[in-house]
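Novice: just coords:
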């Protein structure tokens, strides 16, 4: 064998012996979600700030099986190559761990999610408050269980608040999948794999402003309206949960 | 000495935090004079350590380890490989250590940290050479199929003594590893045997009904110490590592035999007696770590 360390032999993960056909969800009303949630119910969430001691601010978020850590560094010196800028800069990066997905991945950066994260926060952070400098927002998806981007965004918003970066408002994000005639809120990976269309909203609940809206797949206009209302409602509820998570830290400190 | 007097006036006026960041070495040395460290530890004692097994649901074995603020998440995924011609009845282990940009302000995306590849190599050397795992136990069908264990360790918070935490998480993940029951199908591929298949009556017998847990032969544990002047500081934080540069890492296996000893240069030249002191500290730490790990394992079994 040419070098024990150099060449890794090709491997595969063993698959189940008899592959049962996945039950395709019937688009009728009595179809139940794989985790027995109601259609308009979010997964149980666990949020915590200050997860990473070396970062200026950080947060850990767990929505069902989706687990994410976000660290915020800065404001710190911009890269040398950057031109002078009156406003602050935002730098975002999202990566996946190798064990995030059921089959072992490469643990690489996700460029698409990174740019979406950047675009969401561009309008929500008061960039004028840190001229000439850069704020870095780095996210690591430890486990991917569906609706990864909304969880990353909500978690990043908590991390930014924890770092004391000025925001117009906390940014909350929720997605909806359209499966047949049904809308399901906060879909898991399995539901995402057979969805007809998906809609994601990130918004600032107390200002009633949407920073990002992404619609993909097949939708009818009334369905889009319904899904948007559903998302905005869920965002404002999530916003309250996030706010109370931040408040709890302060009251704990006082005690 | 005028300059020294001038600066000592400056010292007295400074607030503690400012003094700490402006004169970090002085700040630490003044603590060391009183045999205490800024976080109120004694020189020879390590930080609080916790081990939680089974932190990653999608992995075959996993562990979350915290030493003070330093946090490591280790996960093992088993895949099937064809063994090499030289060792037809042995599996293999691939160890990778990652420092994602979330763990420290010093790591930027796109550029892997230098420390990460160094620690990666050290971990591989230590784990493979300590003989903790008998690679023959990873064999499934002699000459045809064996397990390839991918051990991936993520540093989630880098606050010093990274190697110690990474090694502990690796050992903990291996002790949590549950090997799935598999069988060989007609195409010569290994497939999982799930509970459903047992009900449906198997055409093929599972190939590994017995070997469900790996046997760990005297697993290694380590302690990193900083040498500064005559002081030995066990289990340094990131701040201490950045100020005082000479480190010694001692790796002992569970029967107190020396597995490896790293002293990668540094301005302090260590006497043999100092090295012996480090080994003695590592022996004490070994007992602590064994207890912590055993407790985590027994907690897991109760659940």
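Specialist: That came through fine. Owing to the predicted nature of the structure, the values given are computational and were not obtained by experimental measurement.
Novice: quick one, strands of the stretch 1-150 of chain A?
Specialist: For the stretch 1-150 of chain A, the strands defined by DSSP state E, counting those that start in this stretch cover A:11-12, A:15-16, A:45-49, A:57-63, A:66-77, A:89-96, A:133-143.
Novice: tabulate the ones you listed in a markdown table, adding columns for mean neighbour count and distance to chain B.
Specialist: For every residue, glycine as well, the C-beta is placed using N, CA and C. Putting those into a markdown table (neighbours: other C-beta atoms under 10 Å in any protein chain shown; distance: least, C-beta to the nearest C-beta, whole Å) gives the following:
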| stretch | mean neighbour count | distance to chain B |
| --- | --- | --- |
| strand A:11-12 | 15 | 4 |
| strand A:15-16 | 12 | 5 |
| strand A:45-49 | 17 | 13 |
| strand A:57-63 | 25 | 7 |
| strand A:66-77 | 24 | 4 |
| strand A:89-96 | 21 | 4 |
| strand A:133-143 | 24 | 4 |
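Novice: comparing the ones you listed by mean pLDDT, which bottoms out?
Specialist: Mean pLDDT values for the strands of the stretch 1-150 of chain A show the minimum at strand A:15-16, a mean of 72.
Novice: packing partners for the helix or strand containing residue B:249?
Specialist: Per DSSP states H and E: residue B:249 is located in strand B:246-253. In terms of contacts (3 or more C-beta pairs under 8 Å, 6 or more residues apart in numbering or on different chains; DSSP states H and E), strand B:246-253 is packed against helix B:162-176, strand B:220-228, strand B:258-262, helix B:272-302.
Novice: wait, residue B:225 touches residue B:240, no?
Specialist: No. The criterion here is C-beta atoms under 8 Å, and residue B:225 misses it with residue B:240 at 10.5 Å.
Novice: ok so, going back, make CSV from the helices and strands packed on strand B:246-253 and add mean neighbour count, distance to chain A and mean pLDDT to it.
Specialist: Shown next, in CSV, are those (neighbours: other C-beta atoms under 10 Å in any protein chain shown; distance: least, C-beta to the nearest C-beta, whole Å; pLDDT from 0 to 100):
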stretch, mean neighbour count, distance to chain A, mean pLDDT
helix B:162-176, 26, 11, 96
strand B:220-228, 25, 17, 95
strand B:258-262, 16, 18, 92
helix B:272-302, 15, 19, 92
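Novice: now distance to residue B:107 too, for these, in a markdown table please.
Specialist: Converted to a markdown table, these look like this (distance: least, C-beta to C-beta, whole Å):
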| stretch | distance to residue B:107 |
| --- | --- |
| helix B:162-176 | 12 |
| strand B:220-228 | 19 |
| strand B:258-262 | 22 |
| helix B:272-302 | 27 |
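Novice: residue boundaries of the helices in chain B?
Specialist: B:2-13, B:16-22, B:24-33, B:114-129, B:162-176, B:195-199, B:238-243, B:272-302 (DSSP state H).
Novice: sorry, that was for chain A
Specialist: Secondary structure of chain A, counting by DSSP H: helices at A:111-122, A:148-162, A:189-193, A:221-254.
Novice: buried set for the last one?
Specialist: Judged by neighbour count (16 or more other C-beta atoms under 10 Å in any protein chain shown), helix A:221-254 contains these buried residues: A:223-224, A:227-228, A:230-232, A:234-236, A:238-239, A:242-243, A:245.
Novice: which of the strands of the stretch 1-150 of chain A sits closest to residue A:207?
Specialist: strand A:89-96 (18.9 Å; C-beta to C-beta).
Novice: tell me the angle that closest one makes with helix A:111-122.
Specialist: In terms of direction (axes from the mean of the first three to the mean of the last three C-alpha atoms, to 10 degrees), strand A:89-96 departs from helix A:111-122 by 140 degrees.
Novice: name all residues that make contact with the residue lying closest to residue B:93 once chain neighbours are set aside.
Specialist: Excluding its sequence neighbours, the residue lying closest to residue B:93 (C-beta to C-beta, 6 or more residues apart in numbering or on different chains) is residue B:149, at 4.7 Å. Neighbour list for residue B:149: B:76, B:77, B:78, B:91, B:92, B:93, B:94, B:138, B:177 [criterion: C-beta atoms under 8 Å, 6 or more residues apart in numbering or on different chains].
Novice: roughly how far does residue B:149 sit from chain A?
Specialist: Distance, residue B:149 to chain A, using C-beta to the nearest C-beta, to the nearest Å: 10 Å.
Novice: and what of residue B:89?
Specialist: 15 Å.
Novice: between the two ends of stretch B:267-274, how far is it?
Specialist: Stretch B:267-274 stretches 15 Å from its first residue to its last (C-alpha to C-alpha, to the nearest Å).
Novice: which residues are contacting it?
Specialist: With contacts defined as C-beta under 8 Å, 6+ apart, stretch B:267-274 is touched by B:227, B:228, B:229, B:232, B:245, B:246, B:248, B:263, B:278.
Novice: check stretch A:108-115 too.
Specialist: A:92, A:93, A:94, A:95, A:96, A:139, A:148, A:149, A:152, B:109, B:110.
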